[in-house]
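1. For reference, the sequence and a predicted model appear below.
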Amino acid sequence: MIQLTELQTKIMGEFYSFNATKVIYNKKERKMLWSMTKERKQDFDMDKIKSDCPALSHQILKSYESGKNIQSAVFSECVYAQTLANMLCLNYFFNCLEGENIIQADVLKLLQSYSLVPRYVYCNEDRSRMLIQAGGRYGIDCALVSVKDLSIFTIEFKEPGAKTSEPDLPKYEEDGKIKITEDFLGKYPQFKDMIEEHKDLNFFEVMGNNIHDFSPESVNIAVTNNYTKKYADIICTEDSKGYLVMMPVNQVSLWAKIEGEIRPSGRNNYKVWNPQALKRFLDEIEATYNKDKVTVNKEKLALRYERGGSGKVSGYKINPLFFVYIRDCTIEGNLISFDIDRVRQLKPTIAGKLNFKGLNYFKVKEYYGM
């Protein structure tokens with residue numbers, strides 16, 4: 001067994017000294033709340049949610065005010081953080097996003113060294129210990145800080161089925177072949193081996209299909225080094241019975257099925273960078289042209305739906321890589337017209353994935369002799 005670090009031994013020893021604790025809202029309950037929030041329903045007890053988990057309450061209210069949906073993972077992060085705070089008797093809550101900045105300068109400087117931006121703080125009465133739920137593109141989810149000696153434990157929260165990270169890959173050329181750049185590998189070195197295993201990948205040939213055939217070794221590097229790069233000491237998730245579980249990041253493959261994935265059609269879209277390929281694909285569906293205006297039979301296009309499961313049509317797909325927003329289309333009968341420069345192209349992504357199916361709190365505790 002890989003030896004735990006001193007920090008991992010200390011925090012896991014404390015965590016497993018408490019009785020097994022179920023998360024305050026289990027996966028089924030969170031899914032229900034998330035669906036209700038997404039639909040902007042008003043018929044649930046916000047006062048109870050605020051009492052149980054004020055960070056979650058704040059996130060829901062922000063969603064209602066902004067009109068933007070919350071990612072389901074945010075629900076889990078708030079719930080896991082609150083459950084851990086309850087276990088550690090950190091019973092005082094402060095909302096940094098609403099100006100309740102109680103973090104002293106030296107602690108704030110420590111957090112900044114980890115690229116963390118405080119969102120919510122859970123602390124004891126004398127504020128000598130703080131669980132700080134944070135944000136930041138390259139930072140972890142949470143930090144447990146002892147204020148007196150500035151000792152810090154860094155924590156990543158993960159749902160039972162989750163991705164470690166999913167950055168955009170570099171833009172490919174007109175030949176469709178994957179591109180490996182030094183800039184990308186400098187930012188995301190954990191994915192080098194996964195990319196090397198598919199160095200001849202052509203996105204035009206595999207569009208519509210995600211790639212999963214990676215060696216266990218390359219995926220393990222991507223998953224483990226993702227957390228090392230982000231300075232996480234431990235991961236918290238929930239087991240199959242809803243108990244909060246803690247494990248060392250460098251041993252996550254003992255407890256989760258890990259998998260790699262390249263998605264030719266990622267989350268983010270951009271102005272078309274392969275105009276020749278776009279023209280070729282439009283010709284294949286018998287598009288007609290009037291200068292920069294393109295007209296296509298509606299039956300040749302697939303529907304594109306809004307993210308978040310609302311069921312609302314947001315656009316039309318030319319193929320899995322190219323689409324146009326419905327707001328940029330003119331529809332007359334079965335014909336759809338749009339300016340060719342309004343077409344968007346999806347960037348590919350790469351990710352490591354974790355699945356904690358069958359995870360058991362008591363087996364983890366026993367394994368580490370806690």
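-> Looks like it came in fine. Numbering: from 1, shown residues only.
2. From here on, just use CA atoms for contacts and neighbour counts.
-> Noted.
3. May I see the buried residues of the helix or strand bottoming out on mean pLDDT in the chain?
-> Lowest by mean pLDDT, DSSP states H and E among the helices and strands of the chain is helix 216-229, with a mean of 77. Within helix 216-229, the residues scored as buried using 16 or more other Cα atoms under 10 Å are 218-227.
4. could the residues you listed go into CSV alongside distance to Q3?
-> Output for the buried residues of helix 216-229, formatted as CSV (distance: Cα to Cα, whole Å):
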residue, distance to Q3
S218, 22
V219, 21
N220, 18
I221, 18
A222, 20
V223, 18
T224, 15
N225, 17
N226, 19
Y227, 17
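5. Which stretches in the stretch 51-200 of the chain count as strands?
-> 92-95, 117-123, 129-135, 142-146, 151-157, 161-165 (DSSP state E, counting those that start in this stretch).
6. okay, those in a markdown table with mean pLDDT, distance to K271 and mean neighbour count next?
-> Conversion of the strands of the stretch 51-200 of the chain to a markdown table gives the following (pLDDT from 0 to 100; distance: least, Cα to Cα, whole Å; neighbours: other Cα atoms under 10 Å):
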| stretch | mean pLDDT | distance to K271 | mean neighbour count |
| --- | --- | --- | --- |
| strand 92-95 | 96 | 38 | 18 |
| strand 117-123 | 95 | 31 | 23 |
| strand 129-135 | 92 | 28 | 23 |
| strand 142-146 | 94 | 35 | 22 |
| strand 151-157 | 92 | 34 | 21 |
| strand 161-165 | 82 | 24 | 16 |
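7. Of those, give the one that comes closest to R263.
-> Closest approach to R263 among these is made by strand 161-165 (12.7 Å; Cα to Cα).
8. roughly how far apart are the closest residue to D193 other than its chain neighbours and N250?
-> Distances taken as Cα to Cα, 6 or more residues apart in numbering place S218 nearest to D193, at 5.3 Å, with adjacent residues excluded. Using Cα to Cα, to the nearest Å, we find S218 at a distance of 14 Å from N250.
9. same check, this time on Y80
-> Using Cα to Cα, Y80 is found at 20 Å from N250.
10. follow-up on the earlier one: now for the buried residues of helix 216-229, which pair is the farthest apart?
-> S218 and Y227 (14.8 Å).
11. still on that earlier bit, closest to E366 out of the strands of the stretch 51-200 of the chain?
-> Closest among the strands of the stretch 51-200 of the chain, using Cα to Cα: strand 151-157, at 21.0 Å.
12. what's the angle between that closest one and strand 161-165?
-> If you take axes from the mean of the first three to the mean of the last three Cα atoms, to 10 degrees, strand 151-157 sits at 120 degrees to strand 161-165.
13. Relative to the whole chain's centre, how far out is strand 151-157?
-> Chain-centre distance of strand 151-157: 18 Å, with Cα atoms, centre = their mean, to the nearest Å.
14. who does it touch, helix- and strand-wise?
-> helix 72-87, strand 142-146, strand 234-238 (3 or more Cα pairs under 8 Å, 6 or more residues apart in numbering; DSSP states H and E).
15. could you give the angle of that strand to strand 129-135?
-> Using the same axes, to 10 degrees: strand 151-157 against strand 129-135 is 40 degrees.
16. Pairing partners for strand 151-157, with directions?
-> Here strand 151-157 has these sheet partners by DSSP bridges: strand 142-146 (antiparallel), strand 234-238 (parallel).
17. Turn those into a markdown table, including distance to T181.
-> Below are those laid out as a markdown table (distance: least, Cα to Cα, whole Å):
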| stretch | distance to T181 |
| --- | --- |
| strand 142-146 | 31 |
| strand 234-238 | 30 |
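18. Go through those and name the closest to A162.
-> Judging the strands paired with strand 151-157 by Cα to Cα, what sits closest to A162 is strand 234-238, at 10.1 Å.
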